[in-house]
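Asker: Fold the following, please.
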Amino acid sequence: MNINEIFYSIQGEGKWTGLPNIFVRVTGCNLRCSYCDTKYAYYDGKEMSINEILDHIDKYPCKHVCITGGEPLLQHDTTDLISAFIKRNYKISLETNGSINIENIVNKKSLIISLDVKCPSSNMHEKMNLENISLLRKDDQLKIIIQNNEDYNYAKKIIKKYEPICHVFFQPVWTTNPKNLAGWILSDGLNVRLGLQIHKMIWGDTKGV
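Answerer: I've put the predicted structure just below:
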């Protein structure tokens with residue numbers, strides 16, 4: 001597999017927020033979101049076997065693993081990596097950008113699928129496979145990245161149409177004021193969670209944390 005970085009930190013997003021996690025960031029992404037904060041993962045990386053990855057993460061005192069990117073589902077070995085983690089009793093979260101069908105991984109236990117939906121400000125919203133939302137299970141999570149009121153209204157329509165059964169996070173683009181998004185959610189009485197990137201609050205917009 002082509003791996004950009006492996007590091008141990010605090011999960012800053014979603015239902016595992018605040019928990020120590022081992023992050024395995026794969027190289028390569030099929031999208032080019034306007035606000036992307038991991039452009040360094042588009043191309044940079046090194047080849048590692050699944051056994052090398054397992055040996056690397058074994059040194060950390062942690063059983064929560066987040067597979068992220070880039071886009072992990074572009075690499076064919078990702079499903080085998082998930083299976084290898086499960087065999088070693090790791091709890092796994094896989095972050096995927098919402099453009100690739102997730103049918104091949106929704107049957108895996110001990111795996112949380114963290115599915116993004118990109119809104120218009122990303123310039124990638126037309127590349128979304130929105131039917132993925134109907135495949136999400138109760139313990140999975142849906143994360144919608146929001147930069148402005150247009151994005152927010154777009155996100156509301158998605159939630160109304162697909163009625164996801166999983167945890168739903170509305171997450172403001174980093175550097176935008178979260179008070180605006182919080183106010184919109186409260187005004188409309190939406191049953192969603194405001195997601196904040198606490199790792200960036202702690203360490204800033206820095207690689208490897």
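
Asker: Next one: Asn149 from Pro120, what distance?
Answerer: To Pro120, Asn149 is 11 Å away according to Cβ to Cβ, to the nearest Å. Every C-beta, even on glycine, is put in place using the N, C-alpha and C of the backbone.

Asker: scratch that, Ile202 is what I was asking about
Answerer: According to Cβ to Cβ, Ile202 and Pro120 sit 30 Å apart.

Asker: Neighbour count: Asn149 and Pro120, which is higher?
Answerer: Pro120 (15 against 11; other Cβ atoms under 10 Å).

Asker: Just give the number of residues close to Gly208.
Answerer: Neighbourhood size, Gly208 [other Cβ under 10 Å]: 12.

Asker: right, I mislabeled it, should have said Lys156
Answerer: Other residues lying near Lys156 total 17 when counted by other Cβ under 10 Å.

Asker: Name the SS class of it, please.
Answerer: Three-state assignment for Lys156 (DSSP: H, G, I helix; E, B strand; the rest coil): helix.

Asker: Next, the buried residues of stretch 21-35.
Answerer: Neighbour-count burial for stretch 21-35 flags Asn21, Ile22, Phe23, Val24, Arg25, Val26, Thr27, Gly28, Cys29, Leu31, Cys33 (criterion: 16 or more other Cβ atoms under 10 Å).

Asker: For the closest residue to Leu135 other than its chain neighbours, list the residues it contacts.
Answerer: Excluding the flanking residues, the one nearest Leu135 by Cβ to Cβ, 6 or more residues apart in numbering is Val106, at 5.1 Å. With contact taken as Cβ atoms under 8 Å, 6 or more residues apart in numbering, Val106 is in contact with Ile113, Leu135, Leu136, Arg137.

Asker: contacting residues for Tyr42?
Answerer: Tyr42 sits in contact with Thr27, Gly28, Cys29, Gly70, where contact means Cβ under 8 Å, 6+ apart.

Asker: Tell me, what's the model's pLDDT at it?
Answerer: pLDDT for Tyr42: 96.

Asker: Kindly provide the distance from it to His76.
Answerer: In terms of Cβ to Cβ, Tyr42 sits 19 Å off from His76.

Asker: again, but for Lys160
Answerer: Separation of Lys160 from His76 (Cβ to Cβ) stands at 35 Å.
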